[in-house]
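J.: the amino acid sequence is not available; the structure is as follows:
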């Protein structure tokens, strides 16, 4: 994984020199407003999917479509490596959230929700943050990024 290439793509997208493929203008603007970490995560997940699709080519030259679990595992691995390299990985994210934002008050298929008693805000730990630019599908793993940059 070339961090410099990913960073260049992030900057090109944020500076308007490049667009996120398969996003319409309002979606593109929304992703860009979320900042470089989300853009980077999308790029990394897309690269992971491309890599596994390419590496699973059949010997006779016909591409084999990887299963969702293969894509999931590849994206988790690439995204974890990228987040650690960028210094935004939080090990033991659930413990960190409980310490900094309060107890878990709800859990569902898409998120775990934390809140401090008396606070009017909640924090969600998304359990479906992965996606590819081609196939916008949530995956089953739990990951969190720090908002520091």
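T.: Received the coordinates, thanks. Values in this document were obtained by computation on a predicted structure and should not be read as measured data.
J.: going forward, measure contacts between C-alpha atoms and count neighbours the same way
T.: OK.
J.: relative to residue 93, how far out is residue 119?
T.: 20 Å (C-alpha to C-alpha, to the nearest Å).
J.: which one of these two has more residues nearby?
T.: Per other C-alpha atoms under 10 Å, whichever of residue 119 and residue 93 has more neighbours is residue 93, with 16 against 9.
J.: distance of that one relative to residue 127?
T.: For residue 93, the distance to residue 127 - C-alpha to C-alpha - is 12 Å.
J.: equivalent analysis for residue 27, please.
T.: Residue 27 is 21 Å from residue 127, by C-alpha to C-alpha.
J.: which of these two has more residues huddled nearby?
T.: Shown here are residue 27 and residue 127; by other C-alpha under 10 Å, residue 127 has more neighbours (19 against 12).
J.: the more buried one touches residue 113, doesn't it?
T.: No - taking contacts as C-alpha atoms under 8 Å, residue 127 lies outside contact range of residue 113: 10.6 Å.
J.: low-confidence ranges in this structure?
T.: The model of the chain has pLDDT under 70 over residues 1, 55-64, 128-149.
J.: now the helices: where do they sit in it?
T.: For the chain, the helices defined by DSSP state H cover 3-14, 25-34, 36-55, 68-86, 93-101.
J.: please name every helix or strand in contact with the longest one.
T.: Spelled out, it's helix 36-55. Applying 3 or more C-alpha pairs under 8 Å, 6 or more residues apart in numbering; DSSP states H and E, one finds that helix 36-55 makes contact with helix 3-14, helix 25-34, helix 68-86.
J.: what residues of that helix count as buried?
T.: 36-49, 52-53 (16 or more other C-alpha atoms under 10 Å).
J.: of all those residues, which comes closest to residue 65?
T.: residue 53 (6.4 Å; C-alpha to C-alpha).
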